[in-house]
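[1] sequence first, then the predicted structure:
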Amino acid sequence: MKDFKNQSLGLLDITPPTEWDWLAVAQHHGLATRLLDWTTNPLVALWFAVREPPSAKESTKKLRPGIVWVFNPDKED
């Protein structure tokens, strides 16, 4: 993450103010993070899930398809 910050400072339009913002920017530019992608648009979610062909899991050589999870909170939430 430190290398990403150092190498991206001159290339970004803004400087992210928090570590969470840095993580979001890094993920957007392809750095592997543990953050989940969220959207309210199911078509956007589907596009990200299928934009690349399924990859094979190393241990079983089984194809792993893209997945779209739906979160449906209660009205109060």
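    Arrived safely. Worth saying up front: this structure is predicted, and the values here are computed from it rather than measured. Residues are numbered from 1 along each chain as shown.

[2] point out where this structure drops to low pLDDT.
    Low-confidence segments of the chain (pLDDT under 70): 57-60, 77.

[3] show me the strands in it, by range?
    55-56, 63-64 (DSSP state E).

[4] what would the ones you listed look like in JSON lines with mean neighbour count and distance to Asp37?
    In this view, the C-beta of every residue, glycine as well, is placed from N, C-alpha and C. Output for the strands of the chain, formatted as JSON lines (neighbours: other Cβ atoms under 10 Å; distance: least, Cβ to Cβ, whole Å):
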{"stretch": "strand 55-56", "mean neighbour count": "10", "distance to Asp37": "17"}
{"stretch": "strand 63-64", "mean neighbour count": "10", "distance to Asp37": "16"}
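
[5] would CSV of these with distance to Asp21 be doable?
    Listed next are the strands of the chain as CSV, based on distance: least, Cβ to Cβ, whole Å:
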stretch, distance to Asp21
strand 55-56, 29
strand 63-64, 30
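
[6] out of those strands, nearest to His28?
    strand 55-56 (20.6 Å; Cβ to Cβ).

[7] contact partners for the residue sitting nearest the centre point of the chain?
    When Cα atoms, centre = their mean is applied to the chain, the residue found nearest the centroid is Asp37 (4.5 Å). Applying Cβ atoms under 8 Å, 6 or more residues apart in numbering to Asp37 gives the contacts 27, 45, 48.
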